[in-house]
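**Student:** Okay, sequence plus prediction incoming.
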Amino acid sequence: MRRAAAGAVRPFPSDPVRIATFNVNGIAARLPRLLDWLADTQPDVACLQEIKTVDEGFPVAAIEAAGYHALVHGQKGFNGVAILSKQPAVETQRGLPGEPEDDHARYLEAAIDGVIVGAIYLPNGNPQPGPKFDYKLRWFDRLNARADALWASELPVVLAGDYNVCPTSEDVFSEAAMAADALVQPESRAAYRRLLGGGWLDAIRSVQPSGRAYTFWDYQAGAWPRDHGLRIDHLLLSPGAADRLTAAGIDRTVRAGERASDHVPAWVELRS
DNA sequence: ATGCCTATGCGACATAGA
């Protein structure tokens, strides 16, 4: 398959556009793995979560050398999102409106090559019940409001990221082991279902309607070798994007690498 | 019931993750 060379604009406009999401769990610790993955899979857009650095700490030079522009919404120590793109990106939103005292860096959005791409790092919400879980649900409400506004624009939109929700029991290695976890609570699942009910397409499930499609394996308790995973990284497509969907997948083998993130990338391809 | 493991911070343990 023809793909753009690193650093070049897409030379064949008829090629599908690949848009990916990857929770790197620390850009500083993960840079070698990130660069390997970019070189191997050549996504046109990559939404990153948990960069765990301020904007000034982002390795812009290495990312540019790999052929990508970078938009960064960072934070000291934890959280932080970024959007990498081969084509120039125009930022359309930084943070979600609706809660001025919220200082977490969890949302960044840009227009790239005619597609609106939102990078999402939804709050984990543990322990639940409690203030962190309440924050998660409020943040989910704000995301739903943003999704409604984007829907109304009728533009092709991809909302990609770590949603910290296992949508159904098929997305959890063990419902019993996870029963008390914020990721599987009915309120969390209901908020995610509200997006789908509004018409957004869960791209991974649209190509693989059932069965395991995990994107996360804990570092602890041998979760990866036992395949005790979760599906929590999702790409939601508006109708304008869904109409162009040609493929979607999960780069599962990334989890086996040296000093891997606990998440792996997920991606979609949209025809031009 | 809890910790297991990993990353970050101005660190010599704590916080956060999921």
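**Tutor:** Cool, got the structure.
**Student:** Name the nearest residue to the residue in chain A that DNA strand B sits nearest to, ignoring sequence neighbours.
**Tutor:** Nearest to DNA strand B in chain A, going by Cβ to the nearest atom of the strand, is residue A:26, at a distance of 2.6 Å. In short, each C-beta sits where N, CA and C put it, glycine included. The shortest distance from residue A:26 to any non-neighbouring residue, by Cβ to Cβ, 6 or more residues apart in numbering, is to residue A:52 (4.6 Å).
**Student:** and that neighbour, what are its phi and psi?
**Tutor:** phi 60, psi 40 (degrees, to the nearest 10).
**Student:** Can you tell me the number of residues neighbouring residue A:62?
**Tutor:** 15 (other Cβ atoms under 10 Å).
**Student:** returning to that earlier point: would you check that the residue of chain A closest to DNA strand B makes contact with residue A:51?
**Tutor:** Yes. Using Cβ atoms under 8 Å, residue A:26 is in contact with residue A:51, at 7.3 Å.
**Student:** Have a look at these two and say which one is more surrounded.
**Tutor:** Ranked by neighbour count (other Cβ under 10 Å), residue A:26 and residue A:51 place residue A:51 first, with 29 against 17.
**Student:** for that one, what are its contacts?
**Tutor:** When contacts are counted by Cβ atoms under 8 Å, 6 or more residues apart in numbering, residue A:51 touches A:24, A:26-27, A:58, A:72, A:74, A:80-82.
**Student:** Next, format the residues you listed as TSV and append secondary structure, pLDDT and distance to residue A:185.
**Tutor:** Below are the contacts of residue A:51 laid out as TSV (DSSP: H, G, I helix; E, B strand; the rest coil; pLDDT from 0 to 100; distance: Cβ to Cβ, whole Å):
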residue	secondary structure	pLDDT	distance to residue A:185
A:24	coil	98	26
A:26	coil	98	27
A:27	helix	98	30
A:58	coil	97	33
A:72	strand	98	31
A:74	coil	97	29
A:80	coil	98	25
A:81	strand	98	24
A:82	strand	98	29
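**Student:** Next to DNA strand B, which bits of the stretch 151-272 of chain A? Give me the list.
**Tutor:** Near DNA strand B, the residues belonging to the stretch 151-272 of chain A are A:162, A:164, A:181, A:183, A:216, A:218-221, A:230, A:232, A:259, A:262-263 when assessed by Cβ under 7 Å from any atom of the strand.
**Student:** so which strand or helix has residue A:196?
**Tutor:** Assigned by DSSP states H and E, residue A:196 falls within helix A:186-197.
**Student:** is it true that the residue nearest to residue A:26 touches residue A:82?
**Tutor:** No. Counting by Cβ under 8 Å, residue A:52 does not reach residue A:82; the two are 11.0 Å apart.
**Student:** For these two, list the residues in contact with both.
**Tutor:** residue A:27.
**Student:** Counting neighbours, go ahead and name the busier of the two.
**Tutor:** A count of neighbours by other Cβ under 10 Å puts residue A:82 above the other of residue A:52 and residue A:82, at 25 against 21.
**Student:** who does the more buried one bridge with?
**Tutor:** residue A:48, residue A:72 (DSSP bridges).
**Student:** From residue A:60, how far out is it?
**Tutor:** Using Cβ to Cβ, to the nearest Å, residue A:82 is found at 10 Å from residue A:60.
**Student:** where do the contact lists of these two overlap?
**Tutor:** With Cβ under 8 Å, 6+ apart as the test, residue A:82 and residue A:60 both reach A:70, A:72.
**Student:** Name the SS class of the residue nearest the centre of chain A, please.
**Tutor:** In chain A, the centroid-proximal residue (Cα atoms, centre = their mean) is residue A:161; its distance is 1.7 Å. Recorded secondary structure, residue A:161: strand (DSSP: H, G, I helix; E, B strand; the rest coil).
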